[in-house]
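In: Sequence and computational prediction follow.
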2 protein chains.
Amino acid sequence: MAPAAPILTRAAIVAVGSELLETSRLDTNSLFITERLNGAGIDVTFKCVAGDDRAVLSDALRFALAGADLVVVCGGLGPTDDDVTRDAVADVLGRPLRENAALVDHLQRRYAARGYTAPMPRNNLRQAMVPDGGEVLENPNGSAPGLWIEHGAHVVVLLPGPPRELKPMLTSLTARLAARASGQTIVRRRLHIAGQIESQVDQALHQLYGEWAAWSPPVAATILAKLGQIDLHLSVRHTSAAEGTAMLERAIAQVLEVLGEVVFSTDGRRLEEVVGELLASRRLWIAAAESCTGGLVTSRLTDVAGSSRYVGTSVVAYANEAKTALLGVPPALLAEHGAVSEPVAVAMAEGIRSRAGADLGVGITGIAGPGGGSAEKPVGTVAVALATAAGTHARTFRFFGERQSVKFQASQAALDMVRRHLA
Amino acid sequence: MAPAAPILTRAAIVAVGSELLETSRLDTNSLFITERLNGAGIDVTFKCVAGDDRAVLSDALRFALAGADLVVVCGGLGPTDDDVTRDAVADVLGRPLRENAALVDHLQRRYAARGYTAPMPRNNLRQAMVPDGGEVLENPNGSAPGLWIEHGAHVVVLLPGPPRELKPMLTSLTARLAARASGQTIVRRRLHIAGQIESQVDQALHQLYGEWAAWSPPVAATILAKLGQIDLHLSVRHTSAAEGTAMLERAIAQVLEVLGEVVFSTDGRRLEEVVGELLASRRLWIAAAESCTGGLVTSRLTDVAGSSRYVGTSVVAYANEAKTALLGVPPALLAEHGAVSEPVAVAMAEGIRSRAGADLGVGITGIAGPGGGSAEKPVGTVAVALATAAGTHARTFRFFGERQSVKFQASQAALDMVRRHLA
């Protein structure tokens, strides 16, 4: 009879990459990894960053193995000589690397599929090396495979560093990890809130915080201010995921009662997804006429799969002439109110709605900066209009921050205006 | 005669705090610490986060001391029982804690100055405990003092966690650290490369790596694969910042000779900035007709300040009818080749160029996924065309990954096509 698989309770995360030791980069993967491990009931007790140095990484792995039963290593799995994770893991576990024939084949097919005619560089084959006894984890979004290694009382999981590769791979491991953990699970929910500032939300929820702290087990809340959005993180550690989830549902219902429609998502969906689902479910078409956002509203809408079913033809029009020629904004209106004004936003919204044959038209005009501001209309002034069959309304915002930050907040305000209209 | 103070070359950073192991917080102090240490000529070879657990932190300190001659510990210096940094450092160094009379006095005066009349809480005195032989570092912005401990060949520096306390304290230590370092400084440069995969770049530069490693002092190189981009980080440790910079300039010239025009930036500028500068300097206008990128190319172009001087009216057109009505794409072309094809991309590029009155027209049509793919044109197939006064050319790409990832890579390919045309 095989011995029972060891139970995983304490995890260490080791991020690999010299660039993560520089002044411009942080290991952000560990946040996602922590969330998934917590969800599986595994605590993260330690995390570290090691450069692309086989000796330093080996020491870090030994240290992580001494304090944790699960070690998640991310990064350093690429094809180059400075990708040392496989070698260091092989050293520390005493499991020599062997070339995996299936991986060689996979890498060669992947390389050929990219249309290169030259032979595959030899160093690509480094990615086919597997420590003895390691199980290959498929990477649908990149060439470097992951690895799962059972080693005595430990499990060592190796994942590639790029988040778009790491995230789906870890997600597909979550059930397997949870099955190996014991006891309690940490259930988390994330709420997204638009159009509020952090202290408003904090003040509104203050009484609830106290109530939740007295629940058994207590529900913990953290507020996080993001650009154009406040996030509220709720979590509870419970022996039953279902009961923990039910507790969070009760807490969320209380939040909705206090905050109302400013909460646009209680399940982590992004604003463009929420808007997209509202549009799709009502079979409505939307089109945007964007000036200061430069296409960002349309780009965010089209980030969502299936958005071709509801995103109509949109126009990015900076110049006054384009606003007139393409959107039918009267030159007199531009002359009287200036390009950044609610009447012009309204004319843009109505113009794109009728020209694109859409149900909803969005018009956005503003000053993203750093130039172009005035005393009357400083940088960050943005007029947003929404035209529908029921009429058109407009609102003027004043955003702070740099150009990209103003662009994003303006896109957020426009999408939120659409959401509130449809909700 | 006192022995010469040991020279500091390798540093480890240990951040203390259970909140830094949660899903919403990162240790950002280490970026600032790294910048200051690098400036003083000290490399950061390892960093880690430990929770408020005396045993885990002690292990982390032992590990840090084994690999570094300078260990900077931040956080865990407050007055409460879960502030364990002093205790763990005392344990590991074998230097018992002693109450420092001057600190007791300082803490009492600070407490009284805040206007409290009740006696100071006893646990505040924890902050007056100093490991034997430790030197107190003044904290002008908080109650927790820092500590500097000489320990054999090592220096251990303890700093409080809040950035507004840590930053000025570390700044005032910079000269002292530089005096203890080898007198060298670390100079860094970052290059961005488009249209290549990591292993191609690595192979092309392999000989240079060897050459640089033999330089005195050696130039270190790290390759990093990002979405649609490869980054090459170069660094050198030198007694003279000017000479170090000159060495990196020589290395960069060699890279350019080997890699040529695929290098789009040698100073960290993003692709949209490079393209924007080329357009602005030649007083050229650009306009885009975007299908699968959904406005992302135009949004990235308009992320750059001053882009209203060169970004003309652009159109996001998913539907075939819009491609025909707004861009003049002949229906027969769409019927014959399909919407995702080089002839259609060419017609879109030429259409937007003439309709927007721009010098350059970009046309992009593709399948961002997850739906819409076929055996002949799988998800990720994207045709990009660039129309200029000299004619129009097109290219078909096949990108991997999710929808947003395909969108970004397509925008990168389009912007890079513009850059190469102008460069």
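Out: Now that the structure is in, tell me what you want to look at.
In: any chance you could map the helices in the stretch 151-300 of chain A?
Out: In the stretch 151-300 of chain A, the helices defined using DSSP state H, counting those that start in this stretch lie at A:163-180, A:198-213, A:241-259, A:271-281, A:296-301.
In: okay, those helices in a markdown table with distance to chain B, mean pLDDT and mean neighbour count next?
Out: (Each C-beta comes from the backbone N, C-alpha and C, glycine too.) Supplementary listing: the helices of the stretch 151-300 of chain A in a markdown table, determined by distance: least, C-beta to the nearest C-beta, whole Å; pLDDT from 0 to 100; neighbours: other C-beta atoms under 10 Å in any protein chain shown:
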| stretch | distance to chain B | mean pLDDT | mean neighbour count |
| --- | --- | --- | --- |
| helix A:163-180 | 6 | 92 | 17 |
| helix A:198-213 | 13 | 88 | 14 |
| helix A:241-259 | 15 | 96 | 16 |
| helix A:271-281 | 11 | 97 | 20 |
| helix A:296-301 | 4 | 97 | 30 |
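In: Output the below-cut-off pLDDT ranges for chain A.
Out: A:1-4, A:183 (pLDDT under 70).
In: Taking the centroid of it, which residue is nearest it?
Out: When C-alpha atoms, centre = their mean is applied to chain A, the residue found nearest the centroid is A:Arg270 (8.5 Å).
In: contacting residues for that one?
Out: By C-beta atoms under 8 Å, 6 or more residues apart in numbering or on different chains, the residues touching A:Arg270 are A:His192.
In: Can you report phi and psi for it?
Out: Backbone torsions of A:Arg270, given as degrees, to the nearest 10, read phi -80, psi 160.
In: That one and A:Glu277, how far apart?
Out: 11 Å (C-beta to C-beta, to the nearest Å).
In: now swap in A:Glu249 and tell me
Out: Going from A:Glu249 to A:Glu277 by C-beta to C-beta gives 20 Å.
In: can you check A:Arg164 too?
Out: Look at A:Arg164 and A:Glu277: by C-beta to C-beta, they are 23 Å apart.
In: likewise A:Leu301?
Out: 12 Å.
In: what's the answer for A:Ile352, then?
Out: A:Ile352 is 22 Å from A:Glu277, by C-beta to C-beta.
In: Over to A:Arg269?
Out: With distances taken as C-beta to C-beta, A:Arg269 is found 8 Å from A:Glu277.
In: ok, now A:Ser291?
Out: Shown here: A:Ser291 relative to A:Glu277, a distance of 27 Å by C-beta to C-beta.
In: And for A:Arg189?
Out: In terms of C-beta to C-beta, A:Arg189 sits 18 Å off from A:Glu277.
In: before we move on, what about A:Ser216?
Out: A:Ser216 is 36 Å from A:Glu277, by C-beta to C-beta.
In: From B:Asp359, how far off is the closest residue to A:Asn141 other than its chain neighbours?
Out: Using C-beta to C-beta, 6 or more residues apart in numbering or on different chains and skipping residues adjacent in sequence, the residue nearest A:Asn141 is A:Glu165, 4.6 Å away. Separation of A:Glu165 from B:Asp359 (C-beta to C-beta): 39 Å.
In: and if you look at A:Ala128?
Out: Counting by C-beta to C-beta, the gap from A:Ala128 to B:Asp359 is 48 Å.
In: out of those two, which sits in the busier spot?
Out: Ranked by neighbour count (other C-beta atoms under 10 Å in any protein chain shown), A:Ala128 and B:Asp359 place A:Ala128 first, with 23 against 18.
In: ok, the more buried one - contacts?
Out: Contacts of A:Ala128 by C-beta under 8 Å, 6+ apart are A:Glu99, A:Asn100, A:Leu103, A:Val104, A:His106, A:Leu107.
In: Among the residues you listed, which lie within helices?
Out: Within the contacts of A:Ala128, residues falling in helices by DSSP state H are A:Leu103, A:Val104, A:His106, A:Leu107.
In: Near chain B, list only the ones from these.
Out: Among the ones in helices among the contacts of A:Ala128, no residue lies close to chain B (C-beta under 8 Å from any C-beta of the partner chain).
In: Tell me which two of those residues sit farthest apart.
Out: Spanning the widest gap among the ones in helices among the contacts of A:Ala128 are A:Val104 and A:His106, at 7.3 Å by C-beta to C-beta.
In: wait, doesn't A:Asp59 sit right on B:Ala64?
Out: No. Here A:Asp59 does not reach B:Ala64: they are 10.1 Å apart, not a contact under C-beta atoms under 8 Å.
In: Looking at the two, which is more packed in?
Out: Neighbour count, other C-beta under 10 Å: between A:Asp59 and B:Ala64, B:Ala64 has more, with 27 against 18.
In: Grab the nearest non-local neighbour of that one.
Out: B:Ala12 (3.7 Å).
In: got it, and A:Ala251?
Out: A:Val219 is the one closest to A:Ala251 (C-beta to C-beta, 6+ apart), at 5.1 Å.
In: Equivalent analysis for A:His233, please.
Out: A:Thr222 (4.4 Å).
In: What is the burial count for that neighbour?
Out: With other C-beta under 10 Å as criterion, A:Thr222 counts 16.
In: which residues touch it?
Out: A:Leu232, A:His233, A:Ser235, B:Glu22, B:Ser24.
In: What residue spans form the domains of chain A?
Out: Structurally, chain A divides into domains by automatic domain parsing as follows: A:10-180, A:185-265, A:271-422.
In: what's the most buried one of those?
Out: domain A:271-422 (a mean of 22; mean count of other C-beta atoms under 10 Å in any protein chain shown).
In: For chain B, what's the nearest residue on the stretch 1-150 of chain A?
Out: Per C-beta to the nearest C-beta, A:Cys48 is where the stretch 1-150 of chain A lies closest to chain B, at 3.5 Å.
In: so which strand or helix has that residue?
Out: Assessed by DSSP states H and E, A:Cys48 sits inside strand A:43-50.
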